[in-house]
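**Student:** mind folding the following:
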Amino acid sequence: MHRTPAIILASASQRRQQFLRDLGLAFTIAVADIDETPLPAEEPAAMTVRLAAAKAQAVAARLPESAAPRLIVASDTTVAIGDEILGKPLDAADAGRMLRALRNRDHRVISAVSVLQLPDMRHVTRINRTTVIMRAYSDAEVDAYVASGDPMDKAGAYGIQARGFAPVVALEGCYAGVMGLPLADFCDLLAEFGVRTPVAPRAACLLFNTFACCATRIDHAAHIDFDTSAVG
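**Tutor:** Residues are numbered from 1 along each chain as shown. As a prediction, the model looks like this:
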């Protein structure tokens, strides 16, 4: 008899937790506690995949043994300019530095999602890459945004959904991936483990993304132009 696996989310991220709720999934939370320091000369995509997998493994190592089927879900998101990794800012000055480095140019947002199945330890990780183009915001806008505190817990020191700041002009890829969890890739990955989400990824995506969803595209990449005429 097939038993539906329990889902364990290895993340304290409120956004990732909301994504799973939007997909109609029941889950518990077990936060992974790992060292997220990049390895020497580590390439951004390789680091992102490594950290997502390591988070799942760290949670698995803490769980009591059980024959019950369980899926541990973990994710990591990296912002990079070339091979320079922009993590979460250390302080307000670091946040301002990152935002000025990103201004009026493109960069990559790399999101990896990892699913580890227990008790057999089957483990699969997927990666999503999105190109993001930032607008030419002013120093005063940077200072005001940093003062709001919003950048401090975000890779690259910005949230794509920050309405007052609205830093992004356009993207090519996955809007949800930039927010922290590529929904279409995640749902495809769950399907490999025999789990179908009650809510389709496109329907969940459109709860917060009013632009375009990549879920119906084979490459899971959509082009979005943002209207930033009301800011600046």
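
**Student:** OK, contacts around Leu181?
**Tutor:** The contact partners of Leu181, by C-beta atoms under 8 Å, 6 or more residues apart in numbering, come to 15-16, 19, 75, 111, 113. C-beta here means a position set from N, CA and C on the backbone, and glycine is covered the same way.

**Student:** I meant to write Arg100 there.
**Tutor:** Counting by C-beta under 8 Å, 6+ apart, Arg100 has contacts 139, 142.

**Student:** just give me the neighbour total for Asp143.
**Tutor:** By the measure other C-beta atoms under 10 Å, the count of residues near Asp143 is 13.

**Student:** counting contacts, what elements does the one helix or strand it maps to pack onto?
**Tutor:** Element membership for Asp143, per DSSP states H and E: helix 139-148. Using 3 or more C-beta pairs under 8 Å, 6 or more residues apart in numbering; DSSP states H and E, the elements in contact with helix 139-148 are helix 92-102.

**Student:** skipping its backbone neighbours, what lies nearest Ile81 in space?
**Tutor:** Computed as C-beta to C-beta, 6 or more residues apart in numbering, the closest residue to Ile81 that is not its neighbour in sequence is His107, at 4.8 Å.

**Student:** and the pLDDT at the one you found?
**Tutor:** His107 is assigned 98 on the pLDDT scale.

**Student:** can you report phi and psi for Leu116?
**Tutor:** phi -120, psi 120 (degrees, to the nearest 10).

**Student:** give me the pLDDT value at it.
**Tutor:** 98.

**Student:** related to what we said a few turns ago, in strands, which of the contacts of Leu181 fall?
**Tutor:** 75, 111, 113 (DSSP state E).

**Student:** give me the number of residues near the first one?
**Tutor:** By other C-beta under 10 Å, the residues close to Ser75 number 29.

**Student:** then the second one?
**Tutor:** A count of neighbours around Ser111, defined by other C-beta under 10 Å, yields 27.

**Student:** look up the closest residue to it, ignoring the ones flanking it.
**Tutor:** Gly177 (4.1 Å).

**Student:** repeat that for the first one.
**Tutor:** Distance criterion C-beta to C-beta, 6+ apart; nearest residue to Ser75, sequence neighbours excluded, is Val113 at 4.6 Å.

**Student:** who's the one you found bridged to?
**Tutor:** Ser75, Arg126 (DSSP bridges).

**Student:** now do the one 4 residues further on
**Tutor:** Legend: beta-bridge partners of Gln117 under DSSP bridges are Leu71, Arg122.
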